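Asks: how would this look folded up:
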Amino acid sequence: MPSEKPRRGSHALAGLIVAGSSGLLIVSTFMTWGEDAGLLSAYARSEHRELPGEAFSGLSATGGNWFGIAALLVGAIGVLVGLRLLLGKRIKAGRLLGAEMGLSLGFTAVAVALAYLVTQPSDFVVTYSDGPGPLVALVAGVGMLVGSAIGIAATRFIPTHEEPRNPSRLAIGVGIGVGILVISVFSSWIYDERPPDLGDLSAQIDALVAEGLDPAVAAAQVASLADVSRGARTTDALAGEGPQLGVILLVLAGLAGVAAVYRAVRNQPLGDRGRWLLDVVLIAIGAAVMGIALAWIVSFVRLNENQLVAGVGAFFALIGGLFISTAALPYIRPLLLAAPGD
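Replies: Below is the predicted model:
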């Protein structure tokens, strides 16, 4: 199978871009991610619904929470990838810290930052605004993607083993992952067993009395509604009163599905390198989905609010992303194990 001559200058440029973008991603986590209220924490804690004049970094539980921490971790690994591309064989890591890893990290950084930006605050939040941190993180993630793409274009393509003979297995594995991911969007992302907020109930009684209803009758009506609402309340990823992460997850699911189907089509004009690139993209999409799901799950663990947890939908999304990535891994493993093309 023919190989492609590596371009050392392109690898160095890729390394500079990836390392610089990763550094910017790390810096973004110390910037302001939220102002005047908690974006994620307001779902769990009523005292975080109104915090006028206060600003929170990407690492704060009231700010970016684990979305910011995930960006920090991605940036730290991205710096190593950039140095590996820049310095070449002087860093012994094989393709593990190659441009392929950079692409997955870039996808994850973009997905995590974008997910934070599209997440809607709780309906009880009066005023909330995003800070510059997630926008800077998004730009840094795009920079990582650009640098990794340059590195991939300059990477020597030498398969060391035959790829699995049945490419339909990849489509089946990704299809299962996409199906689980779609189900996750319509499943619970917030599972709340807390009793109703008494302050809110009092406000409802006052509102009914102001409309002319007898106080005793108003109290009885509100109490009846409270009894009904004492059961567990769930919110899916598309609900108006929830985080509304469903759209970005459905887009990622669609991209994964299209890539897998095209990858499995016989006689398509991609060639060996094109198929390998689609495998890299599929692994990156799966990593991005897992990054969003893990950040959501661990954020609620960190908030440590009794009777409020991340719903089963987030765990489904985590499993779906894992299926998408692992389905493509056997097809790229020979290259991951190959000697670096620099």
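
Asks: how many neighbours does Gly151 have?
Replies: Using other C-beta atoms under 10 Å, Gly151 is surrounded by 30 other residues. Quick note: C-beta positions are derived from backbone N, CA and C, even for glycine.

Asks: which ones are touching it?
Replies: Contacts were defined as C-beta atoms under 8 Å, 6 or more residues apart in numbering; by that measure Gly151 touches Ser10, His11, Ala14, Gly15, Val18, Leu85, Gly98, Ala99, Gly102.

Asks: just the closest of the residues you listed to Tyr191, please.
Replies: Gly102 (35.9 Å; C-beta to C-beta).

Asks: what's the local residue count around Pro215?
Replies: Pro215, neighbours per other C-beta under 10 Å, totals 11.

Asks: surely it meets Ile205?
Replies: Yes - with contact defined as C-beta atoms under 8 Å, Pro215 and Ile205 form a contacting pair (7.2 Å).

Asks: ranges for the strands of this structure?
Replies: 32-35, 55-57, 129-130, 188-192, 233-236, 308-310 (DSSP state E).

Asks: most neighbours per residue, which of the ones you listed?
Replies: strand 32-35 (a mean of 25; mean count of other C-beta atoms under 10 Å).

Asks: can you dump the C-alpha atoms of it in PDB for me?
Replies: What follows is strand 32-35, C-alpha atoms only, in PDB (Å, rounded to 0.1, in the frame of the first residue of the first chain):
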ATOM      1  CA  THR A  32     -15.600  34.500  33.600                       C
ATOM      2  CA  TRP A  33     -18.000  31.900  32.400                       C
ATOM      3  CA  GLY A  34     -21.200  33.100  34.100                       C
ATOM      4  CA  GLU A  35     -22.500  36.300  35.700                       C
END
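
Asks: any idea how far the closest residue in space to Ala260 that isn't next to it in sequence lies from Phe107?
Replies: Computed as C-beta to C-beta, 6 or more residues apart in numbering, the closest residue to Ala260 that is not its neighbour in sequence is Val174, at 3.6 Å. Distance of Val174 to Phe107, given as C-beta to C-beta, to the nearest Å: 15 Å.

Asks: burial check on Val301, number of neighbours?
Replies: 11.

Asks: for it, give me its contacts.
Replies: Val301 neighbours (C-beta under 8 Å, 6+ apart): Val309, Ala310.

Asks: please repeat the previous calculation with a cut-off of 10 Å.
Replies: Applying C-beta atoms under 10 Å, 6 or more residues apart in numbering, we find Val301 in contact with Trp66, Val309, Ala310.

Asks: distance to Met144 for those residues - can I get that in TSV?
Replies: Output for the contacts of Val301, formatted as TSV (distance: C-beta to C-beta, whole Å):
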residue	distance to Met144
Trp66	19
Val309	32
Ala310	27
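
Asks: residue ranges with poor pLDDT in this protein?
Replies: 1-9, 89-96, 156-167, 194-204, 221-232, 266-272, 331-342 (pLDDT under 70).

Asks: could you pull out the helices for it?
Replies: Here the chain has its helices, by DSSP state H, at 8-28, 41-44, 65-87, 99-118, 133-153, 168-185, 198-210, 215-228, 246-264, 271-303, 312-336.
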